[in-house]
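Chemist: have a look; sequence and predicted model below, questions after that.
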Amino acid sequence: METERNELFPVFLKLNQLKVLLVGAGPVGLEKLTAILSNSPKTRVKVVAMHVLPGIDKIAEENRNITIEKRPYDERDMKGWDIAIVAVNNRALSEEIYSHAKSAGILVNVADTPDLCDFYLGSIVQKGNLKIAISTNGKSPTMAKRMREWLTSILPESLDPLLNNLFQIRQTIRGDFEEKVKVLDTITNEMLKKNQD
């Protein structure tokens with residue numbers, strides 16, 4: 001019997017260089033917008049929805065890169081955007097928006113609908129410059145949340161000085177990529193041994 005595996009390809013997008021269309025501005029839309037901005041505060045986002053939660057209005061007031069259009073979604077909304085996130089509680093409308101995104105060549109995520117997603121928004125752990133994304137392949141957001149909480153609790157807040165030191169060391173190492181990896185691997189192994197003693 002073949003073991004099921006997660007075939008998602010993890011990437012970290014430079015979202016501040018992309019434009020995101022968010023359709024829907026209820027509680028799930030607020031959650032998605034908050035996730036985008038907490039990871040990449042300068043991302044340009046257009047929100048399209050008939051009804052907008054006050055929390056989303058407040059975010060838009062505080063962020064010039066967020067625009068809100070209080071009206072029904074239209075297929076023309078896809079033009080000029082790189083990624084679409086759909087947060088409407090309507091399967092038929094979600095399927096229609098998904099179809100429009102695919103026709104426009106835009107990656108799309110339909111909240112809580114894995115079969116209408118090109119990508120998932122993972123659970124994120126961040127400690128300074130270290131960022132870890134967790135995915136359960138859409139199977140259990142609760143498990144991803146628990147893993148995030150656990151990793152957040154065990155990783156020290158003081159990782160940035162270590163990362164900065166490793167970056168400085170990396171700049172001084174001669175040789176190709178493989179040689180740099182060997183040297184940094186040796187250094188980090190020695191550091192781990194010292195911490196265990």
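Modeler: Arrived safely, thanks for sending. Numbering: from 1, shown residues only.

Chemist: and this protein, what are its domains?
Modeler: As given by automatic domain parsing, the domain ranges for the chain are 15-121, 122-157, 159-196.

Chemist: give me the pLDDT for the residue nearest to Asp82 when sequence neighbours are not counted.
Modeler: Once flanking residues are discounted, Asp82 sits nearest to Leu18: 4.1 Å by Cβ to Cβ, 6 or more residues apart in numbering. Yep, even glycine has a C-beta here, placed from its N, CA and C like the rest. pLDDT recorded at Leu18 is 97.

Chemist: just checking, Trp81 touches Thr43?
Modeler: No - judged on Cβ atoms under 8 Å, Trp81 makes no contact with Thr43 at a distance of 11.5 Å.

Chemist: quick check: neighbours shared by these two?
Modeler: Both Trp81 and Thr43 are contacted by Lys19, Val20, under the criterion Cβ atoms under 8 Å, 6 or more residues apart in numbering.

Chemist: packing partners of the helix-or-strand element of the chain with minimal mean pLDDT?
Modeler: Ranked by mean pLDDT, DSSP states H and E, the weakest helix or strand in the chain is helix 177-196, scoring a mean of 80. Helix 177-196 makes packing contacts with helix 159-172 when contacts are defined by 3 or more Cβ pairs under 8 Å, 6 or more residues apart in numbering; DSSP states H and E.
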